[in-house]
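Student: I'd like to go over a predicted model; first the sequence, then the structure.
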Amino acid sequence: MNSATLTSRSDRKDKVLTNEQVVRDFISGMDQPISQVREHLQKYLTDDCLWGNSGFPPARGIEDIVQKHELSEKVFGDYRLKVELLNVASNGNVVFTERVDRGVQADGTPILSVDVTGVFEVRDGKICRWTDYFDPRGLLERLAVLPDIESFFTGQTN
């Protein structure tokens, strides 16, 4: 396994994180109100990151990814993403995750639960590709409330 170059301060010593740890830290850091994830995404994703989700056009670049997360607040409210990480495997700069992603409202009420297989590619200590594979039916039902669902996926308005 290759080491990533992202470092953190711990007991006054620099610590080099493995690609797998970068992904684990990224996933655990998503457990915050969705309205506050911008800085987290910017910290862990490259400017040219590609984020793909089963059956949907990919988000290209950090700003597109941030906008998609901010738009999801319109659908689900200011939810938190609670991730149950079941398995992790890595080879070089690629990290696979098997997980259950749960959207939870501020009061703890569950809004969505999705079984996900995620594939991450890490470059220079940041995630440059993030692809999630899942059955999108439940998500599509929730997204149907958007007045312009096409713009949610394409970033283009009519």
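Tutor: Sure thing, it's come through. Numbers count the residues shown, from 1 in each chain.
Student: now do the strands in the chain.
Tutor: 3-10, 13-18, 45-53, 59-60, 80-91, 94-104, 110-123, 126-133 (DSSP state E).
Student: now those strands in CSV, with mean pLDDT and mean neighbour count?
Tutor: C-beta here means a position set from N, CA and C on the backbone, and glycine is covered the same way. Formatted as CSV, the strands of the chain follow (pLDDT from 0 to 100; neighbours: other Cβ atoms under 10 Å):
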stretch, mean pLDDT, mean neighbour count
strand 3-10, 39, 13
strand 13-18, 66, 12
strand 45-53, 96, 18
strand 59-60, 94, 18
strand 80-91, 95, 15
strand 94-104, 94, 18
strand 110-123, 92, 17
strand 126-133, 97, 19
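Student: quick one, which of those strands is nearest to E39?
Tutor: strand 45-53 (11.2 Å; Cβ to Cβ).
Student: direction included, what does the closest one pair against?
Tutor: Applying DSSP bridges to the sheet, strand 45-53 is found paired with strand 59-60 (antiparallel), strand 126-133 (parallel).
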